[in-house]
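J.: whatever this is, show me its structure:
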Amino acid sequence: METVQTALWVVIILVALALIFDFMNGFHDAANSIATVVSTGVLKPTQAVVFAAFFNVIAIFVFHLSVAATVGKGIVQPGVVDTHVAFGALVGAITWNLITWYYGIPSSSSHALIGGIVGSVMAKSGAGSLVASGILKTVAFIFVSPLLGFLLGSIMMVIVAWTFRRARPSKIDKWFRRLQLVSAGAYSLGHGGNDAQKTIGIIWLLLIATGYTASTDAAPPTWVIISCYLAIGMGTMFGGWRIVKTMGQKITKLKPVGGFCAETGGALTLFIATALGIPVSTTHTITGAIVGVGSTQRASAVRWGVAGNIVWAWILTIPASAFVAAIAYWLSLQLY
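T.: Presented below is the predicted three-dimensional model:
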């Protein structure tokens, strides 16, 4: 009886840790949803976070749990994950999120989590325990999602510029201030739909590994789904203003029309990836879209030095979080 109770308390603590990561995901990635509407003056910061959080949460009614299934069953071989692996993965992801938040670097919470899982599993049983197809698909989209965001954002900007070429600038600004609410809502919906599911996936993985839910279950428990969507929404409510500044102003100067095109291009990318069950980075996606919009004006409109620093953070995210996760895995073995 004592063993079961102890195991249950360990699981409760790890679920709480996962929800803390989910909260931080919303906090860290709030900039992805609201940077453009804040920087263009369409919404005040407080209005923007409430707006984004609302769409984060209602994504629960829109998207299937394809991404959760990929994280829960498509990254690691069945039977490898235990409480030590889950602890290492979450500590690795949370640590990297804190470091990048502190320095205002828009890195990927998603890839920090994947890196954490990879590092913790490799520390336990080596690379052979990983599912190569799931890892490769995730890594490929480190490059595909910003490129697709760049392409769709720039195409949207060209289409809008050509369509409204004879309209007065003041009228265009007025229209797109309103339309940007639509695009920001769509992006926040995509953010909630893709990112909340990653935490659902790791909690699901933990519950299966500890025997608290059957591996044959068609879906994660309802309480897991609801709590993860609420946690990411609450995180977005608190916002991450250091990263908002980087995303909204330092990469390129945005007007409402540019914000609309970047958010729409980014939202389309997220919808496609979520439908395919691919855990992508909302940070990578919106950064690519913002750069795409800026580059349609002129190459010098983009601060390539800032964009380059962000790319370096992308490259380092998985190995850095994997390294921390491996250390955390070893420490957990000493703790319990």
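
J.: where do the helices sit along this structure?
T.: 2-39, 45-58, 66-73, 83-102, 109-125, 132-163, 169-209, 222-238, 241-245, 256-275, 282-297, 304-335 (DSSP state H).

J.: what's the least confident stretch among the ones you listed?
T.: Of all the helices of the chain, helix 241-245 carries the lowest average pLDDT, namely a mean of 55.

J.: thinking again about what came up before, let me have the helices of the chain in a markdown table, extended by mean neighbour count.
T.: (Glycine included, C-beta is placed from N, CA and C.) Shown next, in a markdown table, are these (neighbours: other C-beta atoms under 10 Å):
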| stretch | mean neighbour count |
| --- | --- |
| helix 2-39 | 22 |
| helix 45-58 | 20 |
| helix 66-73 | 23 |
| helix 83-102 | 24 |
| helix 109-125 | 27 |
| helix 132-163 | 19 |
| helix 169-209 | 23 |
| helix 222-238 | 21 |
| helix 241-245 | 19 |
| helix 256-275 | 26 |
| helix 282-297 | 28 |
| helix 304-335 | 18 |
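
J.: then stretch 224-233 to CSV, C-alphas only?
T.: Taking C-alpha atoms only, stretch 224-233 is exported to CSV below (Å, rounded to 0.1, in the frame of the first residue of the first chain):
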residue,chain,number,x,y,z
VAL,A,224,-5.8,16.3,-18.6
ILE,A,225,-7.1,17.9,-21.8
ILE,A,226,-9.1,20.6,-19.9
SER,A,227,-6.3,21.4,-17.4
CYS,A,228,-3.7,21.8,-20.1
TYR,A,229,-5.8,24.2,-22.2
LEU,A,230,-6.6,26.2,-19.1
ALA,A,231,-2.9,26.3,-18.0
ILE,A,232,-1.7,27.6,-21.3
GLY,A,233,-4.4,30.2,-21.4
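
J.: what's in contact with it?
T.: For stretch 224-233, contacts defined as C-beta atoms under 8 Å, 6 or more residues apart in numbering pick out 19, 22-23, 25-26, 53-54, 56-57, 59-60, 65, 192, 195-197, 199-200, 203-204, 207, 219.

J.: and if we set it to 6 Å?
T.: With contact meaning C-beta atoms under 6 Å, 6 or more residues apart in numbering, stretch 224-233 is reached by 19, 22-23, 25-26, 53, 56-57, 60, 192, 195-196, 199-200, 203.

J.: identify the residues contacting residue 83.
T.: By C-beta under 6 Å, 6+ apart, the residues touching residue 83 are residue 10.

J.: from residue 166, how far off is it?
T.: Distance of residue 83 to residue 166, given as C-beta to C-beta, to the nearest Å: 64 Å.

J.: list the contacts of residue 67.
T.: Residue 67 sits next to 194, 197, 274, 277, 279 when contact means C-beta under 6 Å, 6+ apart.
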